[in-house]
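Enquirer: just a sequence and a predicted model for now, questions to come.
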Amino acid sequence: MTTLTEQLTKYLEDAHSIEVQALAQLRKAPDIAGDPELSAIYREHLVETEGHERATRSALETRDAKPARTKDAVMAVGGKGFVLFARLQPDTPGKLHAHSLSYEALELSSYQLLRGVAERAGDDTVVETAERIAADEGAMMKRLEATFDVAVDASLRAVGREDLDEQLRKYLGDAHAIEGQAIALLERGPKLAGSERLERIYEEHLAETRDHSELIEGRLNALGGDPSRLKDAALRLGGLNWAAFFRGHPDTPGKLAAFTRAFEHLEIGGYEQLQRVAQRAEDDETAALVGRILEDERRAAERVAEAFDDAVDASLESVGVTTGA
């Protein structure tokens, strides 16, 4: 059993550890972004993120608490691990861009959940802090969404534009690998959802995701893709398994909802780039297919976000929270 006040402190600890990972990534991102405009975006958000770290630390200190060392350490390692992963990819700018969009969605979701707990605890100061930081994370997502063309151009410069058809097959292979990860995540979702609404969302999107996987594999085969390329893509994308997040945070309904929304944005980031590569390769069929899948991914992310109140209530219930101070 735990009190609502204690649970709010734990959510603040989680928020601080997420900022620690964000800092580990953002301090290196400008150097590997592949374009001056993208580098400037990361530098701007680094300054914001430093402020977020201070704000969450201050909120903890106000509650006579401190950041959780173990959570912070795990998340810092995860951030550095992704930077290494991104550096090893031939299309580093694009991988960095998609991951950054996904991580911003994780941060935005985490602060929206934190706000929900703070509202239930009647802590207006934490509510204000969560809303202010969430607004920054949402604004960063919009900056990233507006620069997919820049990221794709930077990636193609890095790998060479001579054979766009080959690049298209590689991007399709990556998309198939991500869909495989999504299936694994969504298969767990209904059992951990904590509410009928979230359970239904996960089940329905699992069916969509299985269809997406088949469609992408079919398109790859039609373009002469080597089946072994799918295995290679899965290995390359293994660095995005988010294991650090689950090691550092309880797998409660709220955490799962935040993670699922973030993973949807990883898929969105990948498909936005895949669609642009298909357009540059003048493959209208692939571009149209990806456009339809993108609509499903965005709708799924929105549905999860709209169910955050359910996720907060289910999370508090799962830890036996009480409303006493």
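Expert: Nice, thanks for sending it over.

Enquirer: tell me which helix or strand in the chain has the weakest average pLDDT.
Expert: helix 243-248 (a mean of 50; mean pLDDT, DSSP states H and E).

Enquirer: after that helix, next one along is what?
Expert: Counting by DSSP states H and E, the element after helix 243-248 in chain order, helix or strand, is helix 253-280.

Enquirer: now for that following helix, which elements pack on it?
Expert: helix 92-121, helix 124-145, helix 148-159, helix 164-192, helix 196-222, helix 243-248, helix 284-306, helix 308-318 (3 or more CB pairs under 8 Å, 6 or more residues apart in numbering; DSSP states H and E). C-beta: built from backbone N, CA, C; applies to glycine.

Enquirer: lowest average pLDDT across those helices?
Expert: Confidence, taken as mean pLDDT, is least for helix 243-248 of the helices and strands packed on helix 253-280 (a mean of 50).

Enquirer: so what's residue 144 up against?
Expert: Residue 144 sits next to 41, 97, 100, 101, 104, 269 when contact means CB atoms under 8 Å, 6 or more residues apart in numbering.

Enquirer: identify the residue nearest the third one in space, chain neighbours excluded?
Expert: Okay, so that is residue 100. residue 144 (5.9 Å; CB to CB, 6 or more residues apart in numbering).

Enquirer: how close does that neighbour sit to residue 17?
Expert: 22 Å (CB to CB, to the nearest Å).

Enquirer: ok, residue 54 next?
Expert: Counting by CB to CB, the separation of residue 54 from residue 17 is 14 Å.

Enquirer: neighbour count: those two, which is higher?
Expert: Neighbour totals were compared for residue 54 and residue 17, and residue 17 leads with 28 against 12 (other CB atoms under 10 Å).

Enquirer: most neighbours of all the contacts of residue 144, which one?
Expert: residue 97 (32 neighbours).

Enquirer: can you name the residues that contact the nearest residue to that residue once chain neighbours are set aside?
Expert: Nearest non-adjacent residue to residue 97, counting by CB to CB, 6+ apart: residue 151, 3.9 Å away. Contact analysis of residue 151 by CB under 8 Å, 6+ apart lists 34, 35, 38, 93, 94, 96, 97, 273.

Enquirer: give me the buried entries from these.
Expert: When those are checked for burial by 16 or more other CB atoms under 10 Å, the buried set is 34, 35, 38, 93, 94, 96, 97, 273.

Enquirer: which among the residues you listed gets closest to residue 212?
Expert: Closest to residue 212 out of the buried ones among the contacts of residue 151 is residue 273 (15.7 Å), distances taken as CB to CB.

Enquirer: from residue 170, how far out is the closest one?
Expert: 11 Å.

Enquirer: ok, now residue 196?
Expert: As for residue 196, its distance to residue 170 is 40 Å (criterion: CB to CB).

Enquirer: same question for residue 254.
Expert: As judged by CB to CB, residue 254 and residue 170 stand 36 Å apart.

Enquirer: just checking, residue 23 touches residue 46?
Expert: Yes. Under the criterion of CB atoms under 8 Å, residue 23 makes contact with residue 46 at 7.4 Å.

Enquirer: one step back: ok, residue 196 and residue 170, which is more surrounded?
Expert: residue 170 (21 against 10).

Enquirer: how many neighbouring residues does the residue lying closest to residue 75 once chain neighbours are set aside have?
Expert: Among residues not flanking residue 75 along the chain, residue 21 sits closest, at 3.8 Å (CB to CB, 6+ apart). Neighbours of residue 21 under the rule other CB under 10 Å: 26.

Enquirer: can you confirm residue 21 is in a helix?
Expert: Yes. Membership of residue 21 in a helix is supported by DSSP: H, G, I helix; E, B strand; the rest coil.
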